[in-house]
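coordinates for the following, if possible.
(one chain, ligands or ions: 2)
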Amino acid sequence: MTSATRILIDTDPGIDDAMAIFYALASPELEVVALTTVFGNCHTDVATVNALRLLDIAERPDIPVVEGAVAPLVMPYRGPVAFVHGTDGQGDVFLPPSSRAPLPTTAAQFIVDTVLADPDEITIVLLGPFTNMALAMMLCPGLTQHVKQIVVMGGAAFTSGNASPASEANVLNDPEAADIVFGADCPIVMAGLDVTHRITMTDDDLARFAAIDNPRAQHLAAIMPHYVRFYLERNGVHGIYVHDSTTISYLLAPELFSWRELPVRVDTGHSVCRGRTLPALRDSDEEGPWHGRRAVRILTDVDARAVIELELDHLSC
Ligand code: BDR
Ligand code: CA
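Ligands and ions are numbered 1, 2, ... in the order given. Here you go, the predicted structure:
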């Protein structure tokens, strides 16, 4: 029997983050070694409390939570998106406080220590702005030579953004960090809007949560109406995009996806295109901005029905 893939999840929970975390926890193929937190959907302190509460619901007190950056590397935090995820980041259900506390270290230091303690074995899954991973790379140059793989939810290579016409939300929240992480020296998989906008969980799919008799599914059923309302009112979409869970589906079943492999840079300028993820569609010039960067595996298509069924199956356990 092959051993479980060890993953560290960096997250800003977030309704779709909660789905992804529960999906990972329900996957015997994956071992979640820690949750690290970051600003994004909510402030970092709220993200930390939510990470602890989600692990309470999942009855996983063995998994540590570590608080991360409270602001992007360069620019101020753009602020919470309560209209998407609720003022509490969890659909305004206001969960009870957790009895647990985060570990007394920083997410960036924890990422460094975890990777160096288990070289070539740790997969980093980024579900929020990439700030903590960028800080870890700055703390320990050469770190990513020892990372097994980085799988990110973020970016929009061949399609338009969601936080601006040019940029996806996690990248726009810290373009400088995203540009650092896309330059990492390990395999990188980008589950951006190119693929996540092809996966819509329908109202019928979502109704299935309510029928699943476990606390994780019941929590998702409770927080989902807020998210569903957002998609209907803002995008005219019936159902939801399962952005963050796409990273977990890829780890479980990469054969359900197709991709292109190209180096990626992020626009860190202060124009309307700030935060745009730009793949090099042709060989870049010697010494140009894309030169010497590893190709990123950009997910471009998916068997959407198969990944939705995979996720619902896991969440039923
Ligand atoms: C990403 O932004 C956040 O709102 C979601 O949790 C997801 O990580 C989608 O663009
Ligand atoms: Ca997220």
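
for the host helix or strand of Arg216, buried residues please.
Secondary structure assignment for Arg216, by DSSP states H and E: helix 215-230. Using 16 or more other Cβ atoms under 10 Å as the test for burial, helix 215-230 gives 216-217, 219-224, 226-228, 230. To be clear about C-beta, it is placed using only N, CA and C from the backbone, and glycine gets the same treatment.

do that helix and ligand 1 meet?
No: counting by Cβ under 6 Å from any ligand atom, ligand 1 has no neighbours in helix 215-230; the shortest distance is 9.6 Å.

could you identify the helix or strand that succeeds that helix?
Next helix or strand after helix 215-230 toward the C-terminus (DSSP H and E): strand 240-241.

counting by contacts, list what that following strand packs against.
Counting by 3 or more Cβ pairs under 8 Å, 6 or more residues apart in numbering; DSSP states H and E, the packing neighbours recorded for strand 240-241 are strand 200-201, helix 215-230.

pull the contacting residues for Asp301.
Asp301 makes contacts with 195, 198, 257-258, as judged by Cβ atoms under 8 Å, 6 or more residues apart in numbering.

next to ligand 1, which bits of the stretch 201-317 of the chain? Give me the list.
Proximity of the stretch 201-317 of the chain to ligand 1 (Cβ under 6 Å from any ligand atom) is limited to residues 243-244.

which residue does the stretch 201-317 of the chain have closest to ligand 1?
At 4.0 Å from ligand 1, His243 is the closest residue in the stretch 201-317 of the chain, using Cβ to the nearest ligand atom.

residues contacting Ala304?
198-200.

could you rerun that using 7 Å?
By Cβ atoms under 7 Å, 6 or more residues apart in numbering, the residues touching Ala304 are 198-199.

before we move on, what about Pro64?
Listed by Cβ under 7 Å, 6+ apart, the contact set of Pro64 reads 34, 103.

want to throw the buried residues of helix 215-230 into TSV with pLDDT?
Formatted as TSV, these follow (pLDDT from 0 to 100):
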residue	pLDDT
Arg216	95
Ala217	94
His219	96
Leu220	95
Ala221	94
Ala222	95
Ile223	96
Met224	94
His226	94
Tyr227	94
Val228	94
Phe230	95
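
is it true that Arg208 touches Glu309?
No: with contacts counted by Cβ atoms under 7 Å, Arg208 stays clear of Glu309, the gap being 10.2 Å.

comparing the two, which residue is more hemmed in?
Between Arg208 and Glu309, counting by other Cβ atoms under 10 Å, Arg208 is the more crowded of the two (16 against 12).

now that one: which helix or strand?
Following DSSP H and E, the helix or strand that holds Arg208 is helix 203-210.

spit out the contact partners of the spatially most central residue of the chain.
In the chain, the residue lying closest to the centroid (Cα atoms, centre = their mean) is Leu127, at 1.4 Å. For Leu127, the contact set (Cβ under 7 Å, 6+ apart) comprises 9-12, 17, 20, 153, 244, 247.
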